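Below are the sequence and a predicted model; questions follow.
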Number of protein chains: 2
Amino acid sequence: MVKESDFELVEEPVTALAEGQARVRNLMVAFEPAMRGWINEGESYLPPVGIGEVMRASAVGQVVESATPELEVGEIVTGMFGWQEYTLLDMRQPGMLGGANKLPPGATPEQALSVFGITGLTAYFGLLEIGQPKEGDVVLVSGAAGATGSVVAQIARIKGASKVVGIAGGPRKCRWLTETLGLDAAIDYKSEEVGRRIKEECPEGVDVFFDNVGGEILDSALVNMAQRGRIVLCGGISRYNEAEPSPGPRNYLELTVRRCRMEGFIVIDYFSRIPEAAADLAKWISEGKIVVETDVQEGIENVPRTFLRLFSGENLGKQLCRLAEASPAS
Amino acid sequence: MVKESDFELVEEPVTALAEGQARVRNLMVAFEPAMRGWINEGESYLPPVGIGEVMRASAVGQVVESATPELEVGEIVTGMFGWQEYTLLDMRQPGMLGGANKLPPGATPEQALSVFGITGLTAYFGLLEIGQPKEGDVVLVSGAAGATGSVVAQIARIKGASKVVGIAGGPRKCRWLTETLGLDAAIDYKSEEVGRRIKEECPEGVDVFFDNVGGEILDSALVNMAQRGRIVLCGGISRYNEAEPSPGPRNYLELTVRRCRMEGFIVIDYFSRIPEAAADLAKWISEGKIVVETDVQEGIENVPRTFLRLFSGENLGKQLCRLAEASPAS
């Protein structure tokens, strides 16, 4: 299990800007379960963050110094600025995750980092491209009160699902899913028998299961899939802190009997299509069809502790930490 | 584990034919690992075979009596005739698995039950429809010396795979894969470290893994998949005789990191497309591109024992049992 003491807050001198560089003061950083994987050793879809390096993270910041025509002082931008108060950007060598991008028109930093950020895009492309929901489908989402799951559930509804069921931990989250987001049902994995409840809520089977959790919840879903169902493997937060992988889904051969597909994806593959997703998401937000919830903690010294909230399940909606207020100069 | 004493050989009087019926004398029965699932209790893609019922099985038989214009005495036909010497067919109510079909032109009973039968069709549709191999792909097959796996490996080669690697048990089967079928490499799971050997043979990763086995072999393949690889879940013979499902693939989250798809299928969904498959297979056989191997045992009393050969891995190629010779009247 990752812990606060795995991270260290260090001060470093601020260096002068070279041509093409700019300095951003970070206003808010965002947290995703996938970041847990980035601090494991070994090959993955991104190189691991090495010991002593700044932790990689999405953030929103304000340009405070600029030696590039692309960025103006005072501008609010978003990018992989990491866990730090100030980030030095080099617009000539933006790196594989891009340099700095403007926020979608009218978007707050909270929205830029949640529904328009990694988790919202993950929900959008994962559900639509991998899950391929059809009108009338029954859609089940685990981690449904999280930043990705909550957007998945709402997009499923927009796309005409006949029933959307969310799995979350605790009565507060479950109530939020049904009362605020308007899901048809919520299953509390902390107090309910998940398999029995899925069967009860989805007697004809689940057409699309969007899984953020893995473990027992995935196994319970596998035996309740409809014929030709699709399981979107977004991740497995129940497993990210294990030193050795625990047993996998013992019911995986249900995929054969039920002619199902289980497929993984990485949202960075869809970055070229962000404008399309952002346009849809902005429309749905303006129409009140997508509700965005955030959990905002405060202060650079609280950043590691805020990361841990993802794994203890304290957060409802997108987990964020505010480092500074935007200067009015913007 | 299924055992011989789970089956009983009983004699029953032969009843007179009603209008629309015919009697077939079974010449040869075929065995598939999936049959193990048919004698489990509970819902699946076919109703279970009940206690006291004739075991369901594909067979080739000769019509010995007919009260239907569709079948002529002496004709050789194939269908789900079961483990019995004589089968009463009702052409007016052929049931969900069809009545009796003619053999493909020029096909022997052995070919009709192997490459043109359930296992050959499973190989054809599973590889081409689910695996979707592209020219230059690296293809890995488990259970590669079995009736399905051996046809999969040969079709992969025909379709332009850059490398075809088979996993099988023991030096005899592995030698057969490389020397007779012309595979690029064979991995002996009984004496070699499968994961290390896959990595060695497929350093760029596996594009298509056709899995007949499951268990540790599936886990070893998961960590060696190429980006956007496809795992065809044909079955899991390593698990069919377990009372409780053993742990699933602990490495299943590799599907996410590697953007892979794992998908199951049931060959009966493709029965309407049999003519297309049979034409391709017949062409490849006539061109010498597909070698068909069978293991033929003898006698109705040996049928249950022959079934067990699938699970002990004694068979190389299609497991069959001959019950009678065709009458020369045909």
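Good, I have the coordinates. Residues are numbered from 1 along each chain as shown, chains lettered A, B, ... in the order given.

just checking, what packs against the helix or strand of chain A with the lowest mean pLDDT?
For chain A, counting by mean pLDDT, DSSP states H and E, strand A:101-102 ranks last in confidence among helices and strands (a mean of 90). Where contact means 3 or more Cβ pairs under 8 Å, 6 or more residues apart in numbering or on different chains; DSSP states H and E, strand A:101-102 is packed against strand A:76-79. Every residue, glycine included, has its C-beta placed from N, CA and C.

and the strand it packs on, how far out from the chain's middle?
17 Å (Cα atoms, centre = their mean, to the nearest Å).

Please work out which residues outside that strand touch it.
A:24, A:27, A:58-63, A:71, A:87, A:89, A:97-103, A:109, A:112-113, A:117, A:326, A:330 (Cβ atoms under 8 Å, 6 or more residues apart in numbering or on different chains).

6 Å instead?
A:60, A:62, A:100-101, A:103, A:112, A:330 (Cβ atoms under 6 Å, 6 or more residues apart in numbering or on different chains).

Could you identify the helix or strand that succeeds it?
strand A:86-90 (DSSP states H and E).

what mean pLDDT would you report for that next one?
Averaging pLDDT along strand A:86-90 yields 93.

Quick check: buried residues in that strand?
A:86-87, A:89-90 (16 or more other Cβ atoms under 10 Å in any protein chain shown).

would you list those residues in TSV and tack on distance to chain B?
Below are these laid out as TSV (distance: Cβ to the nearest Cβ, whole Å):
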residue	distance to chain B
A:Y86	32
A:T87	27
A:L89	28
A:D90	28
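
mind giving me a markdown table with these and columns for distance to B:V292?
Output for those, formatted as a markdown table (distance: Cβ to Cβ, whole Å):
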| residue | distance to B:V292 |
| --- | --- |
| A:Y86 | 70 |
| A:T87 | 64 |
| A:L89 | 63 |
| A:D90 | 62 |
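
Show me chain A divided up by domain.
A:4-114+A:294-322, A:118-268 (automatic domain parsing).

Mean pLDDT lowest where, among these?
domain A:4-114+A:294-322 (a mean of 92).

Name the residues of the stretch 1-150 of chain A found near chain B, please.
Counting by Cβ under 6 Å from any Cβ of the partner chain, the residues of the stretch 1-150 of chain A close to chain B are A:44-45.

And the strands in the stretch 1-150 of chain A?
Assigned by DSSP state E, counting those that start in this stretch, the strands in the stretch 1-150 of chain A fall at A:21-30, A:59-66, A:76-79, A:86-90, A:101-102, A:138-142.

ok, now which ones touch the residue nearest in space to the middle of chain A?
The geometric centre of chain A, computed from its C-alpha atoms, lies nearest to A:T119 (Cα atoms, centre = their mean), at 2.7 Å. By Cβ under 6 Å, 6+ apart, the contact set of A:T119 is A:147-148.

go on, A:L121?
Contacts of A:L121 by Cβ under 6 Å, 6+ apart are A:267, A:277.

One more pass at 8 Å, please.
A:267, A:270, A:274, A:277.

before we move on, what about A:A277?
Per Cβ under 8 Å, 6+ apart, neighbours of A:A277: A:120-121, A:124-125, A:270.

among the residues you listed, who's most crowded?
A:G120 (28 neighbours; other Cβ atoms under 10 Å in any protein chain shown).

thinking it is in contact with A:A282, fair?
No. With contact defined as Cβ atoms under 8 Å, A:G120 does not reach A:A282; the gap is 10.6 Å.

Now do the buried residues in stretch A:264-278.
Applying 16+ other Cβ under 10 Å to stretch A:264-278 flags A:264-267, A:270, A:274, A:277-278 as buried.

For the residue of the stretch 101-250 of chain A found nearest chain B, grab phi and psi.
In the stretch 101-250 of chain A, the residue that lies nearest chain B is A:P247 (3.0 Å; Cβ to the nearest Cβ). Taking degrees, to the nearest 10, you get phi -60, psi 150 for the backbone angles of A:P247.

Next, the contact list for the closest residue to it other than its chain neighbours, please.
Once flanking residues are discounted, A:P247 sits nearest to B:P247: 3.0 Å by Cβ to Cβ, 6 or more residues apart in numbering or on different chains. Shown in contact with B:P247 (Cβ under 8 Å, 6+ apart): A:247-248, A:250.

try A:M35
Counting by Cβ under 8 Å, 6+ apart, A:M35 has contacts A:55-57, A:307.

and what of A:E65?
A:17, A:22-23, A:73.

let's see 6 Å
Applying Cβ under 6 Å, 6+ apart, the residues contacting A:E65 are A:17, A:23.

just to revisit the earlier point, distance of the residue of the stretch 101-250 of chain A closest to chain B relative to B:F31?
Using Cβ to Cβ, to the nearest Å, A:P247 is found at 31 Å from B:F31.

circling back: I'd like the buried residues of stretch A:264-278 written out as a markdown table, with secondary structure added.
A markdown table is the format used below for the buried residues of stretch A:264-278 (DSSP: H, G, I helix; E, B strand; the rest coil):
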| residue | secondary structure |
| --- | --- |
| A:G264 | strand |
| A:F265 | coil |
| A:I266 | coil |
| A:V267 | helix |
| A:Y270 | helix |
| A:I274 | helix |
| A:A277 | helix |
| A:A278 | helix |
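
Tell me the one of the residues you listed nearest chain B?
A:G264 (3.3 Å).

So what sits opposite that closest one in the bridge?
Beta-bridge partners recorded for A:G264 (DSSP bridges): A:L233.

Please apply the same query to A:A22.
Going by DSSP bridges, A:A22 forms beta bridges with A:S66, A:L89.

was I right about it contacting A:L89?
Yes. Applying Cβ atoms under 6 Å, one finds A:A22 in contact with A:L89, separated by 4.9 Å.

Spit out the contact partners of A:E254.
A:222-223.

how about 10 Å then?
By Cβ atoms under 10 Å, 6 or more residues apart in numbering or on different chains, the residues touching A:E254 are A:219, A:221-225, A:229, A:231, A:260, A:262, B:44, B:233, B:245, B:264.

I'd like to know which of these are buried.
Counted by 16+ other Cβ under 10 Å, the contacts of A:E254 give A:219, A:221-222, A:224-225, A:229, A:231, A:260, A:262, B:44, B:233, B:245, B:264 as buried.

Now tabulate those in CSV and tack on distance to A:A153.
Below are the buried ones among the contacts of A:E254 laid out as CSV (distance: Cβ to Cβ, whole Å):
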residue, distance to A:A153
A:D219, 21
A:A221, 15
A:L222, 20
A:N224, 17
A:M225, 18
A:G229, 17
A:I231, 16
A:C260, 20
A:M262, 19
B:S44, 31
B:L233, 28
B:P245, 30
B:G264, 26
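
Tell me which of those fall in strands.
If you go by DSSP state E, the buried ones among the contacts of A:E254 have A:225, A:229, A:231, A:262, B:233, B:264 in strands.

could the residues you listed be laid out in a markdown table, adding distance to B:K289?
Output for those, formatted as a markdown table (distance: Cβ to Cβ, whole Å):
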| residue | distance to B:K289 |
| --- | --- |
| A:M225 | 37 |
| A:G229 | 36 |
| A:I231 | 36 |
| A:M262 | 33 |
| B:L233 | 26 |
| B:G264 | 28 |
